[in-house]
Structures are given as structure tokens and as C-alpha cells.
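Participant: kindly return the folded structure for what I paste below:
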Amino acid sequence: MQSVILRIALYAANFLAILLIIPIHEFAHAFAAVKCGDSTPKLYGRYTLNPFAHFDPLGFLMMALFRFGWAKPVPVNPNNFRNYKKGCVLVSIAGVTANIILAVLLCPLALIADKLIIPAEWAFYLNAFIYYFLQSLFYLNIGLFIFNLLPFYPLDGFRLIDALTVKRGRFYYFLRTKGIFVFLAIILLDFIAELTGIYYINILNVAIDYASWPIEKLWRLILGL
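Facilitator: Numbers count the residues shown, from 1 in each chain. This next block holds a predicted model:
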């Protein structure tokens, strides 16, 4: 019973973290687009931190279950940018930039999460929720940073490639039309492995570990941990 309640606490903490992080990522795209001269995000009601304006139902479910998912892409009209190429690049990297900044700022809380406890027996599950929540805030930002840099349409990594490339060959069109299936296969493999107990190297988790390590190392030095 205790393990079930702890799992519920984990998912509740993860859910709350998603509600806070996803809107910031999407608003960053909208903010960059507006600053570059395009008011389309405002016209479509996406220039907001309201989470329900940004969530895609399937993407949100994937995020809640697997910590990898997506929101509705912010509608943007690049033709309105004052500088077309610069605007496309800035909008494409705005979301991941917001995530990595948040990760750096929230890392100290994740590092001291086990110390922010209420010293009372009745607070056991509350303490677990707080710990999971602070951990989720950090690692979900790192996860979104890594995930969105994947070069598959409609993710930010593909949009960055789209903004920087002129010649578009077969590889470009593969990434645009088929790349997302590669990503879904990775997620499905991870899900099957977790259910069956089969060991395999999850490339995304490895990337998250490598991306989080220098941030954690820096804050451990600063905090003397």
C-alpha cells in the first residue's frame, strides 16, 4: 500500500511540474515571435502562461506517463518577422533556452530536496511529494531541453535545421516525414523495457544524465555539497 501511495505522489508531483514547465516553454516561443515582429501567437491566444492554452491531449498524456511529450506548436507566421532568418532561429531555440535556464535556476532545489522535509511522521507522504516535485522541476526541464532538440518535425531541433539550411535533400525530408516515428519507437521501447524488466540503454536518459551533470556539479561547488 505504501508503495502505491508513493507512486501516486510521484505522478502527482510530475503532473504539477508539467503544468508549470510546459506553459513557460511555449510562451517563450510566442514571446520570441512577438518580439521578432509577428503577432500571430497573440491572435491565437497563445501569448499566455495559461497551461490549458498550450496542451495537446496526447502529448500531455505522453509527458505524464513517460516524461517525454509535446504541446501544441505555437502558430507563427515567419513572413511577419523583421528579419526572416534571425526570427526563425530565435523562435526555434526560445523554448529550449527557457528550459535550460530554468534547469540551472532550479537545480539547487533539486540538490537539497531531501533536506526540505517536515520532521513529523504524519508528513511522510507530503515530504515524498515535495521531494519528487523539486526533482521533477529540474529533470523535466533537462528532458524537455534534450527532447526538443531532436531533429524530428515538429520539434524545435527540426525547426532550427529548417531555419539554417538552404539545400534540402532526402535526409531533410526523412526527418520531416518519418523522423517522428523513430522517436515514438524509442519511447515504445522504453515502455516495453520498463514493463518487462528488459535492460537496454535508453539514449534519451543517457543524454539527460550528461546534460544535467555539469549543472549539478557547478551548484554542488557553489553550495559546498
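Participant: need the nearest residue in space to the spatially most central residue of the chain, chain neighbours excluded.
Facilitator: The centroid of the chain falls nearest to Leu144 when counting by Cα atoms, centre = their mean (2.0 Å). Leaving out its chain neighbours, the residue that sits closest to Leu144 by Cβ to Cβ, 6 or more residues apart in numbering is Asn99, at 4.7 Å. Glycine gets a C-beta too; all of them are placed from N, C-alpha and C.
Participant: need the longest helix for this structure.
Facilitator: Using DSSP state H to define each element, the chain has its longest helix at helix 2-35.
Participant: how long is stretch 34-46 end to end?
Facilitator: 11 Å (Cα to Cα, to the nearest Å).
Participant: quick one: least confident helix or strand in the protein?
Facilitator: helix 57-66 (a mean of 71; mean pLDDT, DSSP states H and E).
Participant: ok, then the element right after that one?
Facilitator: The helix or strand immediately downstream of helix 57-66 is helix 84-111, counting by DSSP states H and E.
Participant: what's the burial count for Ile146?
Facilitator: 23 (other Cβ atoms under 10 Å).
Participant: my guess is it contacts Tyr210, does it?
Facilitator: No - contact criterion Cβ atoms under 8 Å: Ile146 and Tyr210 do not qualify, at 9.0 Å.
Participant: intersection of neighbour lists for the two?
Facilitator: Counting by Cβ atoms under 8 Å, 6 or more residues apart in numbering, Ile146 and Tyr210 have no contacts in common.
Participant: how many residues are close by Met203?
Facilitator: Quick fix: residue 203 is Ile, not Met. Quick note: Ile203 (other Cβ under 10 Å) scores 12 neighbours.
Participant: how about it: what's its closest non-neighbour residue?
Facilitator: Ile186 (6.9 Å).
Participant: the one you found against Val206, yeah?
Facilitator: No - using Cβ under 8 Å, Ile186 is not in contact with Val206; the gap is 11.7 Å.
Participant: show me which of these two is the more surrounded one.
Facilitator: Using other Cβ under 10 Å as the criterion, Ile186 and Val206 rank with Ile186 on top: 15 against 11.
Participant: what's the strand or helix carrying that one packed up against?
Facilitator: Using DSSP H and E, Ile186 sits within helix 179-196. For helix 179-196, the packing partners by 3 or more Cβ pairs under 8 Å, 6 or more residues apart in numbering; DSSP states H and E come out as helix 57-66, helix 203-223.
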